[in-house]
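Engineer: Build me a model:
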Amino acid sequence: MKMKKIIFAFTFLFISISSAQIDDRFGLDEFMKAGTISVTIGGDFPINGTFPALVTERVDHFISRIYEETRVNLTRPITDPELLSRMEEELKDFSLREIKLIRSSGETLILDIQKFRLNGDFSNNPYLRNDDVIVFPTNDIERNFFTVEGAVNNPGKFYFVEGDNLQDAIELAGGINKAFENVEQVDIYRLSYDGQQMNVVKSNVNENIPLKRGDRIVVVADETQKKEYSVLVVGEVYLPGRIPITKNNTTLDEVIKMAGGLRETASLKRARLYSGNSAKLLLELQFGLDLKQRPELFNAELNERFLLFEDMLMYRMSNITEEDSNYFFIENQLRILSEGSSFNLVDLSNPESELKNYIVHDGDILLIPQKKKTVFVFGQVARPGHVEYKEGYDYTYYIEKAGGFGEYSEDDVMIIKGDTRNWIPADRDDVVIEEGDYIWVPKDPVRSFDFLMRRLSNYLSIVGPIATIILLVLQLTQRN
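Structural biologist: Numbering: from 1, shown residues only. From the prediction side, this is the model:
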């Protein structure tokens, strides 16, 4: 109600300005000589008043022009985005159906501009005449409505007009959607006045059944399965990109063949198949796709809430300490990202592999990286980076090639496997370094004197009371 008052105040000011401008530029005789007539707007429309119109204007063009001029004048001074959005919504709150056009002769026409925009019937959009009055109905669409769902082009909620029938409803919903086959049945769900009972009126789609306020119409049809099912293949194949698939009947082997097959440089050890939420997250995080521009792929806000919800579910029954929470958070995010990809594709090289017959699904992502003929050495070495892989050599060879140990390096060198990301102590007898592995040389942290003193103080605070107890025990023992 407060917003309506604001709009009315702006509207009154706009009418005053418009009228003053008209009076300044033209007298009535000048209007008529210029082919201009006077038309009045009343009822539930963003602006009421009398405005100039051309004799060649029809109703739809006239009200569209007045609406746009009003919208621009009312919203131009508003800088608050929230207030601007609310104002825009309020301005659009009027009905294009059941509009009265009252001629100066007393003739009254009932117009349906919404239908005219769909079917081009000019009987609903006549030319204007001087002293016409256009009256808009009260747009109480929350109670004065019907809805259309199902196999139509533009399902939605529509303003109800006395005399509406099923064909009117289907027309306003854009007609039957040709993507659906065998559309014959319509179900009309009709509530009683108290909302406690509901009848279902079944009809043929071509019948002319009269509608009632509040009817909910469902044009019945089996959902078409002709959709854009695809798998995204990225990496070492000859034809990477989106590969079209069937709904639930295309195998992994078929996808790779449609992608042109594997290149010789393909690394099956590090290849992964991602599906579900993990695939959608990878599209944004790994490939930098702007999912805000592609809402059909994933809703970014929903993604954020999904991750938060997952964390809450995991924390709810846990006994995790505050110190462990950061580590657990990382592990849980990795679990979400890798969920649905619990196997790699090494077994694909086997002609008898059952993995070839694995059924892929819409939205899956197949990542096939390039073989790495190097081992990456990083941490406390002089020249961290890639070192050419040599079969059979241990970690000391690669560290030497990377410039040798740094001055502050630790002895606890770790091998991080390139396929599983497992951390293995480098000095284990059974460790085998393979291409694509990582060697991590940690740093022996330098501790300041203050740090050592604080650590000593903590130890003494624990040892002191224990020593006191031991002395008391010894004294008691000697006395006895």
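
Engineer: Run through who's touching stretch 174-182.
Structural biologist: The contact list for stretch 174-182 (C-beta atoms under 8 Å, 6 or more residues apart in numbering) reads 118, 151-154, 170, 183, 205, 219, 221-222, 224, 226. C-beta coordinates here come from the backbone N, C-alpha and C atoms, glycine included.

Engineer: Going through these, which ones are buried?
Structural biologist: Using 16 or more other C-beta atoms under 10 Å as the burial test, the contacts of stretch 174-182 include 118, 151-152, 170, 183, 205, 219, 221 as buried.

Engineer: Which ones among these map onto helices?
Structural biologist: 118, 170 (DSSP state H).

Engineer: Quick one: the buried ones among the contacts of stretch 174-182 as a markdown table, columns for distance to Arg242 too.
Structural biologist: As requested, those are exported to a markdown table (distance: C-beta to C-beta, whole Å):
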| residue | distance to Arg242 |
| --- | --- |
| Leu118 | 35 |
| Ala151 | 28 |
| Val152 | 29 |
| Ile170 | 35 |
| Val183 | 30 |
| Val205 | 36 |
| Val219 | 32 |
| Ala221 | 28 |
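
Engineer: Assumed Val135 was part of a helix.
Structural biologist: No - using DSSP: H, G, I helix; E, B strand; the rest coil, the secondary structure at Val135 is strand, not a helix.

Engineer: Test my guess that it contacts Glu98.
Structural biologist: No - assessed by C-beta atoms under 8 Å, Val135 is found out of contact with Glu98, at 9.7 Å.

Engineer: Those two: who's more crowded?
Structural biologist: Glu98 (22 against 17; other C-beta atoms under 10 Å).

Engineer: could you pull out the strands for the stretch 301-450 of the chain?
Structural biologist: Applying DSSP state E, counting those that start in this stretch to the stretch 301-450 of the chain gives strands spanning 365-368, 374-379, 385-388, 414-416, 423-425, 438-441.

Engineer: Sorry, wrong one. I was asking about the stretch 1-150 of the chain.
Structural biologist: Under DSSP E, counting those that start in this stretch, the stretch 1-150 of the chain gives strands at 36-43, 49-54, 99-102, 108-111, 132-136, 145-150.

Engineer: Tabulate those in CSV, adding columns for mean pLDDT and distance to Glu82.
Structural biologist: Listed next are the strands of the stretch 1-150 of the chain as CSV, based on pLDDT from 0 to 100; distance: least, C-beta to C-beta, whole Å:
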stretch, mean pLDDT, distance to Glu82
strand 36-43, 96, 28
strand 49-54, 96, 28
strand 99-102, 98, 31
strand 108-111, 97, 35
strand 132-136, 98, 27
strand 145-150, 97, 27
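
Engineer: how about CSV for the ones you listed, with distance to Asp411 added?
Structural biologist: Formatted as CSV, the strands of the stretch 1-150 of the chain follow (distance: least, C-beta to C-beta, whole Å):
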stretch, distance to Asp411
strand 36-43, 87
strand 49-54, 88
strand 99-102, 87
strand 108-111, 89
strand 132-136, 84
strand 145-150, 70
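
Engineer: picking up where we left off before, which one of the strands of the stretch 301-450 of the chain is the most hemmed in?
Structural biologist: Of these, the one with the most neighbours on average (mean count of other C-beta atoms under 10 Å) is strand 365-368, at a mean of 23.

Engineer: list the helices and strands that one packs on?
Structural biologist: The helices and strands touching strand 365-368, judged by 3 or more C-beta pairs under 8 Å, 6 or more residues apart in numbering; DSSP states H and E, are strand 230-235, helix 252-258, strand 272-274, helix 276-285.

Engineer: Show me what the mean pLDDT comes to for that strand.
Structural biologist: The average of the pLDDT scores along strand 365-368 is 84.

Engineer: before we move on, what about stretch 391-404?
Structural biologist: pLDDT averaged over stretch 391-404 gives 93.

Engineer: Dump that stretch to CSV, keeping only the CA atoms.
Structural biologist: The C-alpha trace of stretch 391-404 is given here as CSV (Å, rounded to 0.1, in the frame of the first residue of the first chain):
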residue,chain,number,x,y,z
GLU,A,391,62.6,-45.7,-14.8
GLY,A,392,64.1,-47.4,-11.7
TYR,A,393,65.7,-44.3,-10.1
ASP,A,394,64.9,-43.4,-6.5
TYR,A,395,64.1,-40.0,-5.1
THR,A,396,67.7,-38.9,-4.5
TYR,A,397,68.3,-38.9,-8.2
TYR,A,398,65.4,-36.4,-8.8
ILE,A,399,66.3,-34.2,-5.9
GLU,A,400,69.9,-34.0,-7.2
LYS,A,401,68.5,-33.0,-10.7
ALA,A,402,66.4,-30.3,-9.0
GLY,A,403,69.5,-28.7,-7.5
GLY,A,404,69.9,-30.8,-4.3
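
Engineer: Contacts only, for Asp364.
Structural biologist: If you count contacts by C-beta under 8 Å, 6+ apart, Asp364 has them with 231-232, 273-275, 279.

Engineer: What of Glu228?
Structural biologist: By C-beta under 8 Å, 6+ apart, Glu228 lies in contact with Pro244.

Engineer: Which parts of this protein are helices?
Structural biologist: Taking DSSP H as the criterion, the chain carries its helices at 2-25, 28-33, 59-75, 81-91, 113-119, 166-172, 252-258, 276-285, 300-316, 322-338, 395-401, 449-479.

Engineer: Other residues contacting stretch 139-153?
Structural biologist: For stretch 139-153, contacts defined as C-beta under 8 Å, 6+ apart pick out 44, 93-95, 155-160, 164, 169-170, 172-177, 180, 183, 211-221.

Engineer: So which of those residues are in strands?
Structural biologist: 156-159, 216-219 (DSSP state E).

Engineer: Nearest to Ile399 among the residues you listed?
Structural biologist: Nearest to Ile399 among these, counting by C-beta to C-beta, is Gly156 at 67.6 Å.

Engineer: neighbours of the closest one, just the number please.
Structural biologist: Applying other C-beta under 10 Å, we find 12 residues neighbouring Gly156.

Engineer: pLDDT below threshold where in the stretch 201-350 of the chain?
Structural biologist: 276-344 (pLDDT under 70).

Engineer: For Asn422, give me its contacts.
Structural biologist: Going by C-beta under 8 Å, 6+ apart, Asn422 touches Ile416.

Engineer: What pLDDT is listed against it?
Structural biologist: Listed pLDDT for Asn422 reads 84.

Engineer: Which phi and psi values does it adopt?
Structural biologist: Main-chain torsions, Asn422, degrees, to the nearest 10: phi -70, psi 140.

Engineer: Could you measure from the closest residue to Leu366 other than its chain neighbours over to Ser353?
Structural biologist: Leaving aside its sequence neighbours, Leu366 sits nearest to Val233 (C-beta to C-beta, 6 or more residues apart in numbering; 4.7 Å). Separation of Val233 from Ser353 (C-beta to C-beta, to the nearest Å) stands at 18 Å.

Engineer: Next: Val346.
Structural biologist: Distance of Val346 to Ser353, computed by C-beta to C-beta: 9 Å.

Engineer: again, but for Pro126
Structural biologist: According to C-beta to C-beta, Pro126 stands 73 Å off from Ser353.

Engineer: Since that was my last question, I'll sign off now.
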